[in-house]
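Novice: with the input below, show me the fold.
(one chain, ligands or ions: 1)
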Amino acid sequence: MNIIFLGAPGAGKGTQAENVSEKLNIPNISTGALFREAVAAKTDTGLKAKEYMDNGGLVPDGITVNILKERLAKPDCENGFILDGFPRTVPQAEYLEESGVVIDLVIDIYVPDDKIIERISGRRVCPMCGASYHIIYKPSHRGNICGRCESRLIIRDDDKPEVVFSRLETYHGQTEPLIDFYKNKGVLETVIGQEEVDDTSKLTFEVIQNFNAKTKIE
Ligand code: AMP
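Specialist: Residues are numbered from 1 along each chain as shown. Down below sits the predicted model:
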């Protein structure tokens, strides 16, 4: 099963993508995480991507498609995968189609902008293993230390307030059109992001179960 998670930055799509990845035992591919790895490793791609990421803009489609293509070619993607943060533009979605990648389900996690700003300001991430927390909604049981690998948690550069507004603007301008793109293909389902992560997870799994039940009948 190939699933895309759509949603504004901070809507919680990364958390849902991780949950579903564990439950269905398929890899969760986050282009944002791939870029952060490339930045940390100071590769050519990382150096190019960083300037766009730091400004809250999108990395150009050509670079993004390449980093995704390399990842999708790995054998663990053969039985399905989750895309978190890709596509983010209509040309990226068209690239997937043209490459023959079949998308079974697109789950849009909807959260209004004012909630997004509140959420992003509390987000903390682990620079070592990539785990994501929120100081109120999903705190690490070790405080400011990662519960998974014991590194000190940080605020991502692009989660700083001045960048968040620009990321939301980018989302509404460039990524939101994908909602209609996938609605027209009949694969879009919307989940309203809830206060509690577990409640959003419940709704997300309902969508997946409904999809599985429907495809069995067909
Ligand atoms: P994320 O962790 O998904 O919020 O991504 C962090 C940053 O990486 C974004 O703000 C973009 O600058 C860049 N990025 C991630 N995925 C994409 C994509 N599909 N297209 C362009 N830029 C991306």
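Novice: pull up the pairing partners for the helix or strand containing L6, direction included.
Specialist: Assigned by DSSP states H and E, L6 belongs to strand 2-7. Its sheet considered, strand 2-7 pairs with strand 81-84 (parallel), strand 105-110 (parallel) by DSSP bridges.
Novice: so what touches the helix or strand just after the first one?
Specialist: Scanning the chain past strand 81-84 towards its C-terminal end, the next helix or strand to appear is helix 90-98 (assignment: DSSP H and E). The contact list for helix 90-98, computed with CB atoms under 8 Å, 6 or more residues apart in numbering, reads 61, 64-65, 86-87, 103, 177-178, 181-182. Quick note: C-beta positions are derived from backbone N, CA and C, even for glycine.
Novice: ok, now stretch 148-166?
Specialist: 9-10, 53-57, 116-117, 120-121, 123-129, 131, 133, 140, 142, 144-146, 167.
Novice: buried stuff in it?
Specialist: 153, 156, 158-159, 163-164 (16 or more other CB atoms under 10 Å).
Novice: what backbone torsions are found at F86?
Specialist: phi -140, psi 130 (degrees, to the nearest 10).
Novice: out of the buried residues of stretch 148-166, who's nearest the ligand?
Specialist: Distance to the ligand, by CB to the nearest ligand atom, is smallest for D158 among the buried residues of stretch 148-166, at 5.4 Å.
Novice: residues of the protein that sit close to the ligand?
Specialist: With the criterion set to CB under 6 Å from any ligand atom, the chain comes near the ligand through 9, 30-32, 35, 52-53, 58-59, 64, 85-88, 92, 158, 167.
Novice: of the residues you listed, which belong to strands?
Specialist: S30 (DSSP state E).
Novice: centroid residue for the protein?
Specialist: Centrality entry for the chain: nearest residue to the mean C-alpha point is D84, 2.9 Å, by CA atoms, centre = their mean.
Novice: burial-wise, tell me which of the strands paired with strand 2-7 comes out on top.
Specialist: strand 81-84 (a mean of 24; mean count of other CB atoms under 10 Å).
Novice: so for it, what's the average pLDDT?
Specialist: Mean pLDDT, strand 81-84: 98.
Novice: ok, residues contacting that strand?
Specialist: So strand 81-84 is contacted by 2-5, 13-14, 17, 20-21, 24, 26-32, 68, 72 (CB under 8 Å, 6+ apart).
Novice: can you tell me the element T45 falls in?
Specialist: helix 44-54.
Novice: S140 touches R124, doesn't it?
Specialist: Yes: using CB atoms under 8 Å, S140 is in contact with R124, at 7.4 Å.
Novice: quick check: neighbours shared by those two?
Specialist: 133, 153.
Novice: OK, contacts around the residue of the chain found nearest the ligand?
Specialist: In the chain, the residue that lies nearest the ligand is G32 (2.1 Å; CB to the nearest ligand atom). Applying CB under 8 Å, 6+ apart, we find G32 in contact with 14, 84-85.
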